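Colleague: Got a predicted structure here, sequence first:
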Amino acid sequence: MARKSVLDLRKKKADNDKIVMVTAYDWTMARLVDKAGVDMVLVGDSLGMVVQGRQDTLPVTVDEMVYHSRCVAAGLEQAHLVADMPFMSYQISPEQALMTAGRLMKEGMAQSVKLEGGERSAEAVRRIVQAGVPVVAHVGLTPQSVHAMGGFKVQGRSEVDAERVLRDALIVEEAGAFCLVLEGMPTDLAAEITARLDIPTIGIGAGQHCDGQVLVVNDLLGMNTDFKPKFVKHYANLEQTIIGAVETYASEVRDGSFPDHAHSFNRKTPRKIAKLY
Ligand code: KIV
């Protein structure tokens, strides 16, 4: 089965068919979300937090993104693979942006790349797209600018700020992005952007009127229930399931009931040996 292309994703917007995106960071999860039928898998730089346990996404390197993207690529049969461009891997110059995008495509085996920022990233988007690499842009709450925003804060709440976010969205579409993530903004602003753009919008904390939605897979599976921002819905409580399963394993190891006969190997012809145990 072929992986979904940019044309398939653009058609979904035209057909009013919602786009489902989740993050994944390794082969095991990629295989599962692909089987669940998601349309797009994002190897997000959110891996800095959910895989590496950092406070934010800033320390993530291009080498790390390439590594995780390659792991995810191995698990996908039908979903489109997008890889994030990490902090300071595209901000310096359009040439730097193109080099990073090239590595994510060649070594990370991604089908498209994602970068943050509207007007400030337009030249980078243009340069990458000119080279034949599809770009997903990302506006609103842009986590790589956490310090400039003074925290992970919803953007576009005032009239002036909403105008800025809308302008950012229009500029990256004009620069050639084929898809746009709208993060952390009021529902009506995301709805207006979605209606004004020809390219599909994918929301996270941006309400229900986007052309699609994305969540961090660890969040939707409830793998860390201490982290529960308003926009996250837990569709499972894997935290409890995993802790419970490992506790049962530990107690069976400790009381000697694992491994039992069914989980052990036996000789075809048992040897007659002195009883050792
Ligand atoms: O890094 C990430 O996972 C993201 C999504 C939350 C959109 O950028």
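Modeller: That came through, no problem. The structure displayed is predicted, hence computed values, not measured ones. Numbers count the residues shown, from 1 in each chain.
Colleague: helices and strands around the helix or strand containing Asp188, which ones?
Modeller: Asp188 is part of helix 187-196, with elements assigned from DSSP states H and E. Under the contact definition 3 or more C-beta pairs under 8 Å, 6 or more residues apart in numbering; DSSP states H and E, helix 187-196 sits against helix 159-175, strand 179-183, strand 201-204. C-beta coordinates here come from the backbone N, C-alpha and C atoms, glycine included.
Colleague: right, and Arg167 touches Ala122 too?
Modeller: No - using C-beta atoms under 8 Å, Arg167 is not in contact with Ala122; the gap is 10.7 Å.
Colleague: Settle it for me: which of those two has more neighbours?
Modeller: Looking at Arg167 and Ala122 with other C-beta atoms under 10 Å, you find the greater number of neighbours at Ala122, namely 20 against 13.
Colleague: Run a quick neighbour tally on the closest residue to the more buried one other than its chain neighbours.
Modeller: Closest residue in space to Ala122, ignoring its immediate chain neighbours: Ala175 at 4.3 Å, by C-beta to C-beta, 6 or more residues apart in numbering. Counted with other C-beta under 10 Å, residues neighbouring Ala175 total 20.
Colleague: what do you get for Leu197?
Modeller: By other C-beta under 10 Å, neighbour count at Leu197 equals 20.
Colleague: per-residue confidence for it?
Modeller: Reading off the confidence values, Leu197 has pLDDT 98.
Colleague: Could you verify my assumption that it touches Ala169?
Modeller: Yes - in terms of C-beta under 8 Å, Leu197 counts as a neighbour of Ala169; the distance is 6.3 Å.
Colleague: shared neighbours of those two, which are they?
Modeller: Each of Leu180 lies in contact with both Leu197 and Ala169 under the rule C-beta atoms under 8 Å, 6 or more residues apart in numbering.
Colleague: can you pull out the strands in the stretch 101-250 of the chain?
Modeller: Assigned by DSSP state E, counting those that start in this stretch, the stretch 101-250 of the chain shows strands spanning 112-116, 135-140, 179-183, 201-204, 212-215.
Colleague: Compare those strands and give me the one nearest Glu247.
Modeller: strand 212-215 (27.5 Å; C-beta to C-beta).
Colleague: Residues of the protein that sit close to the ligand?
Modeller: Contact residues, the chain versus the ligand (C-beta under 6 Å from any ligand atom): 23, 42, 44-46, 84, 181, 183, 204, 214, 216.
Colleague: 5 Å instead, please
Modeller: 23, 44-46, 181, 214 (C-beta under 5 Å from any ligand atom).
Colleague: Go through those and single out the one with the most neighbours.
Modeller: That'd be Gly44 among the residues of the chain next to the ligand, by other C-beta under 10 Å, with 31 neighbours.
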